[in-house]
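Asker: A predicted structure for the sequence below; I have some questions about it.
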Amino acid sequence: MEAETIQRPNGKLYRPRKVVAWPVADADEMTSGVMVLGTHDVERARLLADECAAAWVDGGFVAAEPETGWFREGYEAGRPMWLRDEVRGRAGVLFREIVETAPLAGLDPWVEGEGDPDDEPQ
């Protein structure tokens, strides 16, 4: 797949060399999201992010809540994090969450409007 050329907000062109994914950690250092750098194409990024979510968390999980922007690694309050930077950052899609794709096996989810699951037939 050919690399896309993306225009920065200041008008300069950005040409990524490759598309890569990095885990995003929460305050407890658990993987909670995926950062895909090198593209603003959400669907292209989603393919890679979903593969990473399945490998890093579990096969039943996918990346969710995509947000495009310009990002670079940095520190805030002594903690590494992804910072927004329209001048020096790389084009990217931040998937803020990793979510489960299907209900847990063996559980019968209660469907709203179909009665109370605690009611038994008489």
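Answerer: Received it, and whenever you're ready, just let me know what you need.
Asker: In contact with the residue nearest the centre of the chain: list those residues for me.
Answerer: For the chain, the residue nearest the mean C-alpha position is residue 95 (1.9 Å; C-alpha atoms, centre = their mean). By C-beta atoms under 8 Å, 6 or more residues apart in numbering, the contact set of residue 95 is 24, 33-36, 45-46, 49, 53, 63-67. From N, CA and C alone the C-beta is placed, and that goes for glycine too.
Asker: repeat that with 6 Å
Answerer: Residue 95 makes contacts with 33, 34, 49, 63, 66, as judged by C-beta atoms under 6 Å, 6 or more residues apart in numbering.
Asker: which non-adjacent residue is nearest it?
Answerer: residue 63 (3.6 Å; C-beta to C-beta, 6 or more residues apart in numbering).
Asker: in the protein, which spans are helices?
Answerer: With helices called from DSSP state H, the chain shows them at 42-56.
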